[in-house]
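In: Pasted the sequence and its predicted model underneath.
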Amino acid sequence: MTGGWAVYSWPPAIILVTVMMVFLLDFLAEQYVAKKYGFTQQIDVETLVTKGQADSGRANGAARQQPRSNDAISQEQERKDLPSKDPIGNTDLEALSGTQTLDMEERSFQQQIAAFLILEFGVIFHSVIIGLNLGTAGSEFSTLYAVLVFHQSFEGLGIGARMSAIPFPKRVSWLPWFLCTAYGLTTPISIAIGLGLRTTYNGGSYTANVVSGLLDAISAGILIYTGLVELLARDFLFNSELTRSSRRQAFMIFNVFVGAALMALLGKWA
């Protein structure tokens, strides 16, 4: 490159700027969810049930200690009144538990969907570029095709695994289907565009190199952030549900390193 593109190493600079912008977007999304739903204290349902049973037991004990009334009607009325002294009935407890579950699911959805959309956007952004490259490829088509199939398959598995952990509310039950369709169609459509531009598109031209370089660097920044923060850090370092089995943890870490090594190896041909 010539001019300003030649006096500075722009790709890592663009990657760094993209990482910081994605971080800012992720942070603002977290703050929005926190302000909208608040940091409410979690209700310990088990404690409420235990307390309710204890209070009910004390009430029954007190009733047994009272002198027996000769009035059968009074005794029956007293027996019916005792359960009402229980601070939390079964119906109230079920309603409380159901409402709390819905609130927690909605908040979890709001917290995770922003990060997932960033990941999806980064992958789709990258898929457009490699689709165009495949559509305009020459003699290297067979090698590039095999690499692309492998690459896209594992990216799809990563997106699917992340999506499966998000509790989508019923009001947006269509969203997972839309996101999967968008990912599945992006690369084929890009390949079709590349095929249509084969005769006019020059991948080695100045403009093509600048545009492709910018898009690649932006995509790299998005994927680096999501890979390190949303996948590795969230799944392994800050995951409260991470398995406590040392053998299973070692197997998971092994798979992460094998996957990273295979993707790095693809760089030889991609």
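Out: Arrived safely, thanks for sending.
In: Next, the buried residues of stretch 161-177.
Out: Neighbour counts using 16 or more other C-beta atoms under 10 Å place 162-163, 166, 168, 175 of stretch 161-177 among the buried residues. Backbone N, C-alpha and C define where each C-beta goes, glycine included.
In: tell me which of those residues is nearest to residue 191?
Out: residue 163 (23.8 Å; C-beta to C-beta).
In: any chance of the buried residues of stretch 161-177 in a markdown table, plus distance to residue 13?
Out: A markdown table is the format used below for the buried residues of stretch 161-177 (distance: C-beta to C-beta, whole Å):
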| residue | distance to residue 13 |
| --- | --- |
| 162 | 28 |
| 163 | 32 |
| 166 | 33 |
| 168 | 37 |
| 175 | 35 |
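In: out of those residues, which are inside helices?
Out: Using DSSP state H, 162-163, 175 are the members of the buried residues of stretch 161-177 that sit in helices.
In: which intervals of the protein have sub-threshold pLDDT?
Out: In the prediction, the chain carries residues with pLDDT under 70 at positions 1, 37-103, 203, 270.
In: domains for it, by residue range?
Out: 10-39+108-266, 41-88 (automatic domain parsing).
In: Output the ones you listed in a markdown table; the columns should cover distance to residue 4.
Out: Conversion of the domains of the chain to a markdown table gives the following (distance: least, C-beta to C-beta, whole Å):
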| stretch | distance to residue 4 |
| --- | --- |
| domain 10-39+108-266 | 9 |
| domain 41-88 | 54 |
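In: and among those, the most buried is which?
Out: Sort the domains of the chain by mean neighbour count, taking mean count of other C-beta atoms under 10 Å, and domain 10-39+108-266 sits at the top with a mean of 15.
In: ok now it, how far from the chain's centre?
Out: Between the mean C-alpha location of domain 10-39+108-266 and the chain-wide mean there is a distance of 12 Å, by C-alpha atoms, centre = their mean, to the nearest Å.
In: okay, how far is it across it, tip to tip?
Out: Taking C-alpha to C-alpha, to the nearest Å, the first and last residues of domain 10-39+108-266 lie 23 Å apart.
In: ditto for stretch 127-144
Out: In stretch 127-144, first residue to last residue: 13 Å (C-alpha to C-alpha).
In: What are the contacting residues of that stretch?
Out: 145, 148, 151-152, 155, 183, 186-198, 201, 203, 212, 215-216, 219, 269-270 (C-beta atoms under 8 Å, 6 or more residues apart in numbering).
In: hmm, try it at 6 Å
Out: Stretch 127-144 is contacted from outside by 148, 186-187, 190-191, 194-195, 198, 201, 203, 215, 269, using C-beta atoms under 6 Å, 6 or more residues apart in numbering.
In: again, but for stretch 193-201
Out: 132, 135-136.
In: try 7 Å
Out: Stretch 193-201 has contacts (C-beta atoms under 7 Å, 6 or more residues apart in numbering) with 131-132, 134-136.
In: And stretch 206-217, by the same measure?
Out: When contacts are defined by C-beta under 7 Å, 6+ apart, stretch 206-217 is touched by residues 11, 14-15, 125, 129, 202.
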